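Peer 1: dropping a prediction and its sequence here:
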Amino acid sequence: MAEIEKIDKEKELVLSATRGDKDSFGELYDIYAPKIFRFIRIKVKSQAIAEDLTSESFLRIWEYLQRKQDIQDGFKSLLYTIARNLVIDSYRRKSSQEISLDDDFAEFLLQEPAKDEIKSKERAEELHNAIMKLKEEYQNVLILYYIEDVSVLEIAEIMNKSEGAIRVLIHRALESLKKKLDKM
Amino acid sequence: MDKVLVRQLKNLKNIKPSTSLLESQRSFLLSEISKNEPKKSLVLPLFHFNILKILKPNFAIALAIIILFSSFGTIGAISFAQNSLPGDFLYPVKTAFEQTQMTFTSGEENQVKLSIKFANHRIDEFTQLIDNSDKKQDVKKSAEEFKAQLVSVQDRVSKLKETNSAKAIEVAKLVKAQTEVYKETLIHKSDELAYIIPGDNEEVKENINQVFKEIEKTNKLMDGLIPENEEVEEIIEEINPEEIIVPVENIEEDVQSGSFDGSE
């Protein structure tokens, strides 16, 4: 019931935002900014890029809301789609996706102290490096499904594929990630 | 192994932006969206084209008489029709008025320039319709209208070549400069559509692709007319920037970014 109330509340916020209500848009930002930031951060090299792209994602969806005004049910999917496309554009602008020596991913994770801090940090770095070497669609399904808890149906909307195709992709993505980690 | 890997993946949920980042970004966003004015609907192209300069004197007089003795309703209808889009009730009035303008235009060179002006109307209508989710069914019609107008430009330039090849070259350069603006407009529109859930706009994207093809065809025809030894960049620079008509959408964005000069 609480989940349904949450969804209804979000729909109301989206509707208000399409009418130009900036406070409602601010509330949507509060809900989704951490998720979008995380989604982008795992796919890009640096904190700075992730911050810029997160900000840009929200600016673009605001513009879209003012133009279209009929996306109450599709707000989340649209936001992830925008973020995904911005990351792709970011890749195109960069000459290489190789992790640079000054990638600050691990430092970033230190904000959350773990029981075995060094091992957690190392493993997180390995995971991040491996994820960044995956195909873009594999990255997306892994991040959205396992980390962001987005449903298969919603992932299908974001990636314009069938639910069945998404389930296959999730399986293949995990296999591919395992292979990358084994090679490291 | 899978369970362990999945658990490790889920640990990446610990990635969070700092509270200070969220706060500063939130403030920045809300101030940015407060700054930007809502986009206004397209109204007029900026092409300053004085039709009276190119009319023959007797036709100019005839047109003036027709206008003077026309009922106010007709003039009002034409005026309202200028902002109409394919599918609107007054759109046939707009296109009929354009045909009348063409009828009263003398000289093949002037007719080509008027065709270019009408092509600009078509692309403005096309981009407006793409933005309007209620008018999807008219997008295809608008794309067809734009393609037809480009074909008209092609035909008129080819005809001009038969009678005056020097003028044809000049006009071909103008058309080529114009098509660059069309391409930029469509690329920009395609980029915007890319951020929309795919599937909703596949038909619109296909319409854009079709229009692109016609623009490329127009470009190739113009390339055939322009001498080989002239560099394309030089050609574009030769064109008086005032003759390059920028669709209104590009102008608004260029003005906001402070880079408006009518060309890129």
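Peer 2: The structure has been received and is ready for your questions.
Peer 1: any weak-confidence spans in chain A?
Peer 2: A:1-4, A:69-70, A:72, A:94-119 (pLDDT under 70).
Peer 1: let me see the ranges of the helices in it.
Peer 2: For chain A, the helices defined by DSSP state H cover A:2-18, A:22-43, A:47-68, A:75-93, A:105-109, A:117-133, A:136-142, A:152-159, A:163-183.
Peer 1: adding distance to B:Glu228 as columns, could you present those in CSV?
Peer 2: Every C-beta, even on glycine, is put in place using the N, C-alpha and C of the backbone. Shown next, in CSV, are the helices of chain A (distance: least, CB to CB, whole Å):
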stretch, distance to B:Glu228
helix A:2-18, 53
helix A:22-43, 46
helix A:47-68, 43
helix A:75-93, 33
helix A:105-109, 53
helix A:117-133, 47
helix A:136-142, 42
helix A:152-159, 47
helix A:163-183, 50
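Peer 1: out of those helices, flag the one nearest B:Met102.
Peer 2: Each of the helices of chain A has some distance to B:Met102 by CB to CB; the shortest is helix A:47-68, at 34.0 Å.
Peer 1: tell me the angle that closest one makes with helix A:75-93.
Peer 2: Helix A:47-68 and helix A:75-93 meet at an angle of 130 degrees, taking axes from the mean of the first three to the mean of the last three CA atoms, to 10 degrees as the criterion.
Peer 1: which strand or helix spans B:Glu228?
Peer 2: Using DSSP states H and E, B:Glu228 is not contained in any helix or strand.
Peer 1: B:Gln8 too?
Peer 2: Here B:Gln8 is assigned to helix B:2-11, by DSSP H and E.
Peer 1: could you report the neighbour count for residue 90?
Peer 2: All of this refers to chain A. Using other CB atoms under 10 Å in any protein chain shown, the number of residues around A:Ser90 comes to 19.
Peer 1: wrong one, I was asking about chain B
Peer 2: 15.
Peer 1: surely it touches B:Ser84?
Peer 2: Yes: the pair B:Leu90 / B:Ser84 is scored as a contact, 4.3 Å apart, by CB atoms under 8 Å.
Peer 1: follow-up on the earlier one: now tabulate the helices of chain A in JSON lines and tack on distance to chain B.
Peer 2: Putting the helices of chain A into JSON lines (distance: least, CB to the nearest CB, whole Å) gives the following:
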{"stretch": "helix A:2-18", "distance to chain B": "10"}
{"stretch": "helix A:22-43", "distance to chain B": "4"}
{"stretch": "helix A:47-68", "distance to chain B": "5"}
{"stretch": "helix A:75-93", "distance to chain B": "5"}
{"stretch": "helix A:105-109", "distance to chain B": "6"}
{"stretch": "helix A:117-133", "distance to chain B": "6"}
{"stretch": "helix A:136-142", "distance to chain B": "6"}
{"stretch": "helix A:152-159", "distance to chain B": "6"}
{"stretch": "helix A:163-183", "distance to chain B": "6"}
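Peer 1: quick one, which of those helices is nearest to B:Glu216?
Peer 2: Going by CB to CB, the one of the helices of chain A nearest B:Glu216 is helix A:75-93, 22.4 Å.
Peer 1: middle-most residue in chain A, spatially?
Peer 2: Centroid-nearest residue in chain A, with CA atoms, centre = their mean: A:Phe39, separated by 2.3 Å.
Peer 1: wait, what's in contact with it?
Peer 2: Shown in contact with A:Phe39 (CB atoms under 8 Å, 6 or more residues apart in numbering or on different chains): A:80, A:83-84, A:143-144, A:147-148.
Peer 1: where does pLDDT dip in chain B?
Peer 2: B:1, B:36-83, B:131-136, B:181, B:184-185, B:187-201, B:229-264.
Peer 1: how about the helices in it?
Peer 2: B:2-11, B:19-35, B:51-54, B:57-69, B:72-81, B:91-103, B:108-131, B:136-163, B:165-194, B:202-225, B:232-238, B:248-257.
Peer 1: which one of these lies nearest to chain A?
Peer 2: Between chain A and the helices of chain B, the tightest spacing by CB to the nearest CB is seen for helix B:2-11, at 4.3 Å.
Peer 1: deepest in the core, which of the helices of chain B is it.
Peer 2: helix B:108-131 (a mean of 22; mean count of other CB atoms under 10 Å in any protein chain shown).
Peer 1: and it, what does it pack against?
Peer 2: If you count contacts as 3 or more CB pairs under 8 Å, 6 or more residues apart in numbering or on different chains; DSSP states H and E, helix B:108-131 packs onto helix B:51-54, helix B:91-103, helix B:136-163, helix B:165-194, helix B:202-225, helix B:248-257.
Peer 1: do you know which of those lies nearest A:Lys161?
Peer 2: That would be helix B:202-225 among the helices and strands packed on helix B:108-131, by CB to CB, at 13.9 Å.
Peer 1: who are the packing partners of the closest one?
Peer 2: So helix B:202-225, by 3+ CB pairs under 8 Å, 6+ apart, packs with helix B:108-131, helix B:136-163, helix B:165-194.
Peer 1: now the angle from the first one to helix B:136-163?
Peer 2: Think helix B:108-131. Using the same axes, to 10 degrees, helix B:108-131 lies at 160 degrees relative to helix B:136-163.
Peer 1: give me the angle between helix B:108-131 and helix B:91-103.
Peer 2: 160 degrees.
Peer 1: which one is residue 13 nearest to, not counting chain neighbours?
Peer 2: You didn't say which chain, so I picked chain A. Setting aside the residues directly before and after it, A:Leu13 is nearest to A:Ser24 in space (CB to CB, 6 or more residues apart in numbering or on different chains), at 4.5 Å.
Peer 1: should've been chain B
Peer 2: A:Ile147 (5.6 Å).
Peer 1: hang on, that neighbour packs against B:Val6?
Peer 2: No: shown here, A:Ile147 and B:Val6 do not form a contact pair, counting by CB under 8 Å, at 10.2 Å.
Peer 1: residues touching B:Gln25, list them.
Peer 2: Per CB under 8 Å, 6+ apart, neighbours of B:Gln25: A:29, A:33, A:51, A:54-55, B:17.
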